[in-house]
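Enquirer: Let me see the structure of the following:
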Amino acid sequence: MPKKRNITELEGCVLGLIGIKGPCTPYVVRKEFQQSPTPFWSGSAGAIYPLIERLSRQKLIDEISSTDDARRSKRYILTKEGKKILKQWLHQPASSIVTGTPPDPLRNRIEFLGFLTPQKRKSFLAEVRTGLEEHLKDVIKDSEECDRSNYFDYLSIRGVVLAARARLDWIVEITEILDKQKWNA
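Expert: Got it, this is the predicted structure:
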C-alpha cells in the first residue's frame, strides 16, 4: 500500500489553485492569495515562489512551455501525482485543524479587555465594529460579483460572508453586555 503523504494547508491550497487556474504562473497564484478575504494567507513572493519550486521538485506540479508569453513566464499544471496528493488532502478525515476553531487574534484580545479602562474598551470595540462592518460590505460585494457558474467558489465566499456576519454579531453582543454589566466599571 502506498504511503500517504501529508501536505500543509498552504501546499494544498496552492495545488488546488493550480488545478483550477492551470496552466498558470506563480504570479497568478500570488494574486489569488493577495486578493483572499482572509489575512491568514501570505501572497508574498518569499512564500509562494519557493513553495512552487518545492512542489515542482517533488513532481506534484510540472512546468509547461509557454509560447504565447513574450516574458517566457513559467506556467504550471498539476501532475498525476499532484492530483492524487490534492485529493488525499481534500479527503483527510475531519481533523481538529480543519474543523476546530482557528487561531483568532481578535478573540485573544477580547479575553484580555479587562486590562483596558472602560473608555478604552469602548473605543476598541467601536473600532473593531467599524472594521468588521467594512469587511462584511467587501465580502458581500465579492459574493455578489462571484461567478455563480463556479459553484464551489460561490460556496467558499458564502462561508466568508457568514463568518464575517457572525463576528460582527459577536462584537455587537459583547458591546451590549459590557454596556449593561459591572465589568465595564
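
Enquirer: burial count for residue 172?
Expert: Around residue 172 there are 13 other residues, counting by other Cβ atoms under 10 Å. All C-beta spots, glycine's among them, are computed from the backbone N, C-alpha and C.

Enquirer: give the contact list for the residue nearest the centre of the chain.
Expert: Central residue of the chain (Cα atoms, centre = their mean): residue 38, 4.6 Å from the mean position. Residue 38 sits next to residue 160 when contact means Cβ atoms under 8 Å, 6 or more residues apart in numbering.

Enquirer: One more: residue 36?
Expert: With Cβ under 8 Å, 6+ apart, residue 36 has these contacts: residue 43.

Enquirer: Leaving out chain neighbours, which residue sits closest to residue 62?
Expert: Computed as Cβ to Cβ, 6 or more residues apart in numbering, the closest residue to residue 62 that is not its neighbour in sequence is residue 79, at 5.0 Å.

Enquirer: I figured residue 121 hits residue 110, correct?
Expert: No. Judged on Cβ atoms under 8 Å, residue 121 makes no contact with residue 110 at a distance of 9.8 Å.

Enquirer: Neighbour count: these two, which is higher?
Expert: Comparing residue 121 with residue 110 by other Cβ under 10 Å, the one with more neighbours is residue 121, at 19 against 16.
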